[in-house]
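Asks: sequence below, structure please.
(one chain, ligands or ions: 2)
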Amino acid sequence: MSILKQPVISLSGIGAQTANRLEKLGLRTLQDLVFHLPHRYEDRTRVYRMGDLVVGMTALVCGKVEFVDILPRGRKSLVCKISDGSGALMLRFFHFSANQHTLFKPDTWLCVFAEVRYGMAGLEMVHPDYTVISGPEAAVVETRLTPVYPLTEGLSQSVIRKAVKQALQHCQQQPHLLADAVPAEILQAYGYPPLAEAIQTLHAPDESVTVEALQNGTVPALKRLAFEELLAHHLRLCTLKHQARAWQAPVFSEEARLTAQFLSTLPFALTGAQRRVLDEIVADCRQAKPMMRLVQGDVGSGKTIVAAYTALLAMAAGYQVALMAPTELLAEQHLRNFSAWFAEFAVQVGFLSGQSKGRARQAILQSLADGSVNLVIGTHALFQDTVQFQNLGLVIIDEQHRFGVHQRLALREKGQQAGCRPHQLVMTATPIPRTLAMLQYADLDISIIDELPPGRQPVVTRVIPSERRAEVIGRINEWVGKRRQVYWVCTLIEESEVLECQAAEKTAELLAQALPAVRVGLVHGRMKSAEKDAVMQAFKQHSLDLLVATTVIEVGVDVPNAGLMIIENPERLGLSQLHQLRGRVGRGEGESFCLLMYQAPLSETARQRLGILRDSNDGFVIAEKDLQLRGPGEVMGTRQTGAMQFKVADLQRDGELIAAIAQISSQLFTDSPEAIALLCDRWLGTETLYAEV
Ligand code: ADP
Ligand code: MG
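Replies: Residues are numbered from 1 along each chain as shown. Ligands and ions are numbered 1, 2, ... in the order given. Reported below is the predicted structural model:
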């Protein structure tokens with residue numbers, strides 16, 4: 001076994017407690033340490049003259065103490081002024097010991113390192129790292145940039161630096177430990193340095209490397225590692241795709257009579273794009289291999305009917321189907337729609353959510369196990385261990401972006417038995433830019449519904465300040481007078497659902513007062529599922545005119561007669577989320593409006609972002625622009641547990657590397673399959689999330 005596979009506890013200075021803390025960072029072996037790369041660097045390679053300091057720079061300086069004092073005013077702090085002849089600097093400590101006061105006595109020389117700020121008495125540093133030195137010539141200057149590693153509670157930089165250093169020493173003594181997995185021709189073609197050298201450079205950059213170059217990603221060593229990391233992620237997903245081919249899956253052959261009958265009951269004809277995507281799905285399901293298909297289509301493009309059609313294929317072949325939606329509200333809407341669509345097909349439809357309790361829950365579990373329910377619709381509760389199917393043939397996941405990669409992969413194992421797996425259909429309305437899709441969905445085949453049903457007019461979006469509230473309320477009256485319906489969406493910071501629901505309650509009350517002729521309803525996340533359902537039903541049947549809601553209606557809700565939406569405080573939401581919300585209107589014929597009612601003043605970025613939404617109705621365009629403006633982490637959504645985390649790669653900075661990756665991946669699969677396992681092991685090694693048994 002390679003020495004790099006030894007546990008971290010084998011290093012000197014690392015006991016059980018430190019090992020536990022390292023484990024929290026996913027660091028179990030020496031190899032994990034070698035691939036635990038710094039997330040930034042500090043430059044302690046030169047001493048700055050105080051006269052050259054500028055606010056915002058992080059610098060090493062030496063100076064002689066002029067005075068030290070404890071300020072009792074405000075927050076108690078210890079201040080110490082040092083100077084070096086070219087200028088002076090104030091050091092400020094809010095946490096300090098009595099010892100520090102004596103240590104910093106006048107005429108003592110200090111070497112300090114921190115960010116330079118603008119303080120009350122000129123330039124200052126707050127809580128700098130400091131060392132007492134004998135004089136200016138004794139300054140502790142490093143020859144290399146100092147790496148700063150991601151940490152966890154109870155772990156210090158110095159502990160992790162020492163641990164990494166020891167692990168690296170093994171690599172220097174035995175160069176084969178970091179032999180390249182990426183073929184030499186590829187390295188050469190891109191001008192990438194060898195792995196061992198690149199790793200060494202990132203942990204301990206030599207003199208030629210600057211902090212700026214590392215930040216900008218122009219250092220070849222960094223580029224190489226970012227490339228390799230992205231490649232490893234891609235390979236992992238491709239491996240999953242390959243492995244899946246080894247599984248059997250039920251064959252659903254299309255029963256033309258049945259599907260024709262189904263389509264004839266719909267009040268519309270399928271669009272060309274829906275038809276094309278269905279052809280792709282039908283072809284997949286005919287194979288005895290599990291389908292793994294992602295259907296991407298902008299809000300309102302008609303994904304639900306595609307799901308229903310696929311469900312029918314499975315049920316006609318005698319298999320059970322599970323459809324999972326991210327919210328109760330959406331699951332219930334699906335329940336209603338699917339029950340109506342399948343009414344004449346002798347299909348038993350069941351429902352299971354976190355709110356299904358007691359006897360009802362027992363009953364549904366029983367009927368899934370004995371096969372008497374053919375189609376079950378629900379939330380993630382569907383995938384708990386207690387849920388057993390008799391013969392699950394198809395798993396459909398709606399609005400998958402709300403679930404994340406890990407959940408998606410975990411679900412795949414559900415319903416697998418004796419070498420056989422259900423088909424999987426995943427649907428999303430969040431268009432992710434191509435670069436991200438390549439990485440995130442490399443294990444899936446992708447179909448795109450790139451056409452909206454006919455007769456849709458783009459939603460007219462306006463950005464208006466909340467001072468014009470009265471005027472907006474007037475608009476509601478007019479709209480309701482035309483027999484159309486309205487959404488009013490209250491948003492608050494995500495963390496507080498309670499506050500958000502309270503705000504919605506208050507708003508509903510005020511609007512009901514201001515609009516006596518309008519029938520106002522309210523729906524929010526803290527209502528009981530039956531209550532929510534009753535309100536949604538009333539709105540759908542047009543016994544309510546105005547629905548005041550929190551962002552619970554963000555996904556999936558479909559009431560075509562609602563053509564006006566007011567979103568309060570849109571500046572608090574992400575663009576994709578706003579686009580999703582706005583997708584609740586413009587679902588029928590006739591014009592529709594979305595009023596983004598912001599709280600002035602708007603920051604420049606917020607203004608630009610709302611402008612993007614106003615100017616475009618195309619989810620892909622919006623996602624691309626959002627990516628440029630805010631970066632991939634934000635775009636992919638922090639809520640998304642499955643958002644990818646990288647050690648060195650930064651999708652914004654290194655995005656251009658992705659283009660070549662798909663091709664290199666497939667080259668590796670044919671030419672050097674042994675490299676794949678090694679790359680995945682090095683970069684994703686101890687991450688068991690994608691593990692397949
Ligand atoms: P999404 O893709 O956002 O899930 P839905 O499946 O909810 O969209 O469909 C949006 C609306 O468009 C629904 O009211 C649906 O009945 C309707 N619809 C779907 N396909 C068509 C079509 N081919 N022609 C007309 N209306 C359609
Ligand atoms: Mg939908």
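
Asks: make it CA atoms for all contacts and neighbour counts henceforth
Replies: Fine.

Asks: for M120, grab phi and psi.
Replies: phi -70, psi -30 (degrees, to the nearest 10).

Asks: which pLDDT does the model give it?
Replies: We have a pLDDT of 81 for M120.

Asks: for it, give its distance to G474.
Replies: The gap separating M120 from G474 is 51 Å, by Cα to Cα, to the nearest Å.

Asks: quick one: mean pLDDT for the longest helix seen in the chain?
Replies: Counting residues, the longest helix in the chain under DSSP state H turns out to be helix 220-244. Averaged across helix 220-244, the pLDDT comes to 91.

Asks: now do stretch 207-217
Replies: 89.

Asks: in that stretch, which residues are buried?
Replies: Of the residues in stretch 207-217, 209-211, 214, 217 count as buried by neighbour count, 16 or more other Cα atoms under 10 Å.

Asks: which outside residues touch it?
Replies: Residues from elsewhere that reach stretch 207-217 (Cα atoms under 8 Å, 6 or more residues apart in numbering): 40-43, 143-145, 219, 222-223, 653-654.

Asks: hmm, 10 Å instead?
Replies: For stretch 207-217, the external contacting residues (Cα atoms under 10 Å, 6 or more residues apart in numbering) are 39-43, 45, 143-146, 201-202, 205, 218-224, 226, 648-650, 653-654.

Asks: any stretches of the stretch 451-600 of the chain with poor pLDDT?
Replies: Filtered on pLDDT under 70, the stretch 451-600 of the chain yields the residue ranges 493-495.

Asks: what does it put close to ligand 1?
Replies: Selection of the stretch 451-600 of the chain residues close to ligand 1 by Cα under 6 Å from any ligand atom yields 453, 556, 558, 560, 587.

Asks: ok so, going back, of the contacts of stretch 207-217, grab the buried ones for PyMOL.
Replies: Buried residues within these, by 16+ other Cα under 10 Å, are selected in PyMOL with:
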select buried, resi 41+42+43+45+144+145+146+201+202+205+219+220+221+222+223+224+226+648+649+650+653+654
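
Asks: distance from the helix or strand that contains I82 to the middle of the chain?
Replies: Secondary structure assignment for I82, by DSSP states H and E: strand 77-83. Relative to its chain's centre, strand 77-83 lies at 44 Å (Cα atoms, centre = their mean, to the nearest Å).

Asks: just checking: what are the partner strands of that strand?
Replies: strand 58-71 (antiparallel), strand 88-93 (antiparallel) (DSSP bridges).

Asks: single out the most deeply packed of those.
Replies: By mean neighbour count, with neighbours taken as mean count of other Cα atoms under 10 Å, strand 88-93 ranks first of the strands paired with strand 77-83 at a mean of 22.

Asks: who are the packing partners of the helix or strand that comes right after that strand?
Replies: Per DSSP H and E, the first helix or strand lying C-terminal to strand 88-93 is helix 98-103. For helix 98-103, the packing partners by 3 or more Cα pairs under 10 Å, 6 or more residues apart in numbering; DSSP states H and E come out as strand 58-71, strand 77-83.

Asks: out of the ones you listed, which is closest to ligand 1?
Replies: Ranking the helices and strands packed on helix 98-103 by proximity to ligand 1 (Cα to the nearest ligand atom) places strand 58-71 first, at 49.2 Å.

Asks: the closest one - what's its average pLDDT?
Replies: The average pLDDT within strand 58-71 is 94.

Asks: on that earlier part again, how about the strands paired with strand 77-83 in CSV, adding distance to ligand 1?
Replies: Listed next are those as CSV, based on distance: least, Cα to the nearest ligand atom, whole Å:
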stretch, distance to ligand 1
strand 58-71, 49
strand 88-93, 55
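
Asks: minimum distance to V552: which of those has it?
Replies: strand 58-71 (44.6 Å; Cα to Cα).

Asks: how about the helices of the stretch 501-650 of the chain, start to end?
Replies: Applying DSSP state H, counting those that start in this stretch to the stretch 501-650 of the chain gives helices spanning 529-540, 575-582, 604-615, 619-630, 632-636.

Asks: now those helices as a markdown table including distance to S466?
Replies: As requested, the helices of the stretch 501-650 of the chain are exported to a markdown table (distance: least, Cα to Cα, whole Å):
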| stretch | distance to S466 |
| --- | --- |
| helix 529-540 | 26 |
| helix 575-582 | 17 |
| helix 604-615 | 14 |
| helix 619-630 | 24 |
| helix 632-636 | 26 |
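
Asks: I'd like those laid out as TSV, including distance to P128 and mean neighbour count.
Replies: Below are the helices of the stretch 501-650 of the chain laid out as TSV (distance: least, Cα to Cα, whole Å; neighbours: other Cα atoms under 10 Å):
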stretch	distance to P128	mean neighbour count
helix 529-540	54	17
helix 575-582	39	22
helix 604-615	33	16
helix 619-630	31	18
helix 632-636	30	21
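
Asks: pLDDT score assigned to A410?
Replies: A410 is given a pLDDT of 65.

Asks: who's in contact with the closest residue to Y441 other than its chain neighbours?
Replies: Excluding the flanking residues, the one nearest Y441 by Cα to Cα, 6 or more residues apart in numbering is L237, at 7.6 Å. Neighbour list for L237: 243, 439-444, 690 [criterion: Cα under 10 Å, 6+ apart].

Asks: next step: those residues restricted to helices.
Replies: Those of the contacts of L237 lying in helices (DSSP H): 243, 439-440.

Asks: find the nearest non-adjacent residue to E591, please.
Replies: Q457 (6.0 Å).

Asks: L657 versus the one you found, what's the distance?
Replies: Taken as Cα to Cα, the span from Q457 to L657 is 38 Å.

Asks: neighbour count winner among those two?
Replies: Between Q457 and L657, L657 has the larger neighbour count (other Cα atoms under 10 Å), namely 18 against 14.

Asks: wait, a helix at the more buried one?
Replies: Yes: under DSSP: H, G, I helix; E, B strand; the rest coil, L657 falls within a helix.

Asks: does it really touch M438, like I thought?
Replies: No: counting by Cα atoms under 10 Å, L657 sits too far from M438 to count as a contact (11.7 Å).

Asks: check contacts around the residue of the stretch 51-200 of the chain found nearest ligand 1.
Replies: In the stretch 51-200 of the chain, the residue that lies nearest ligand 1 is P150 (39.8 Å; Cα to the nearest ligand atom). By Cα under 10 Å, 6+ apart, the contact set of P150 is 25, 36-40, 156-157, 160, 647.
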